[in-house]
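In: Here's my sequence, what's the structure:
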Amino acid sequence: MYTEQQFNLPELPGLSEEQVQIHLGLYAGYVKNTNALLEKVEAMKDGGDAYAMAEVQRRLGFEFDGMRMHEYYFEQLEGGAQAPAEDSNFVKYVTEQYGSFDAYLDDLRRIGSTRGIGWVVTYYDDKAQMFRNAWVGDHEFGQLAGLQIVFVVDMWEHAYMVDYRPATKGEYFDTYLALVNWSVVDARIS
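Out: Numbering: from 1, shown residues only. Coordinates of the predicted model:
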């Protein structure tokens, strides 16, 4: 069973305490639902309704990925905003690929402007030895198989609707980028 992770979050300028608490509550729900569904899977293992089991398995993917994606999201905020160190592996690698760290961020912003709900995710593709930025829909739809998650931004409305509106989600995106502790991201690839 999974335990709700506690995050060491400082004050987050541009994200209200109400917004953060609502979002953390949603994360707690993903943990709770993941555990409940794992119990159902265990109980259904010995037979029964195959359709019901399939639905539980489908829902488990949604809840589990929702739990895990939020852990990446909140971990990136721990310890307060920290600009990326110019000599960090992450900055070095994305600069080699994109030409500059700012060009990498511009690519993330382009993807973040996608209509609808989802996640902006930076993966590292070990086979191709390059980063891939992607849009992921309902947590489990659109994940790039086998690639390591390096960075995420939650673009579901629950992540910003207290403080921003859909028409201003680009402002939320930039606010989030300014709050990231990039040393956390760098540690994911080091």
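In: Packing partners of the helix or strand of the chain with the lowest mean pLDDT?
Out: In the chain, no helix or strand scores lower on mean pLDDT, DSSP states H and E than helix 50-75, which sits at a mean of 94. Secondary-structure packing of helix 50-75 (3 or more C-beta pairs under 8 Å, 6 or more residues apart in numbering; DSSP states H and E): helix 17-44, strand 148-154. Every residue, glycine included, has its C-beta placed from N, CA and C.
In: Columns mean pLDDT on top of the ones you listed, output as a markdown table?
Out: Below are the helices and strands packed on helix 50-75 laid out as a markdown table (pLDDT from 0 to 100):
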| stretch | mean pLDDT |
| --- | --- |
| helix 17-44 | 96 |
| strand 148-154 | 98 |
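In: Show me what counts as buried in the helix or strand that the least confident helix or strand of the chain is followed by.
Out: Where DSSP states H and E defines the elements, the next helix or strand beyond helix 50-75 is helix 89-98. Across helix 89-98, burial judged by 16 or more other C-beta atoms under 10 Å covers 90-91, 93-94, 98.
In: what's in contact with helix 89-98?
Out: 84-85, 101, 104, 107, 130-131, 150, 182, 185-186, 188-190 (C-beta atoms under 8 Å, 6 or more residues apart in numbering).
In: Give me the distance from it to the chain's centre.
Out: Centre-to-centre, helix 89-98 and its host chain are 20 Å apart (C-alpha atoms, centre = their mean, to the nearest Å).
In: next one: stretch 27-45
Out: For stretch 27-45, the distance to the chain centre is 20 Å (C-alpha atoms, centre = their mean).
In: Tell me the buried residues in it?
Out: By neighbour count with 16+ other C-beta under 10 Å, stretch 27-45 contains the buried residues 27, 30-31, 33-35, 37-38, 40.
In: which of the buried residues of helix 89-98 lies closest to R59?
Out: Ranked by distance to R59 (C-beta to C-beta), the buried residues of helix 89-98 are led by F90 at 34.1 Å.
In: Quick check, pLDDT for that closest one.
Out: Looking at F90, its pLDDT is 96.
In: rewinding a little: as TSV, the helices and strands packed on helix 50-75 with distance to M67 would be great.
Out: Below are those laid out as TSV (distance: least, C-beta to C-beta, whole Å):
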stretch	distance to M67
helix 17-44	4
strand 148-154	13
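In: what's the closest of these to F64?
Out: So among these, helix 17-44 is nearest, using C-beta to C-beta, at 5.0 Å.
In: what's the burial count for D106?
Out: 12 (other C-beta atoms under 10 Å).
In: Let the chain start at 54 from now.
Out: Sure, I'll start numbering at 54, so the last one becomes D159.
In: What are the buried residues along the helix or strand where it lies?
Out: Here D159, judged by DSSP H and E, is contained in helix 154-165. Buried residues in helix 154-165, defined by neighbour count with 16+ other C-beta under 10 Å: 154, 157-158, 160-161, 164-165.
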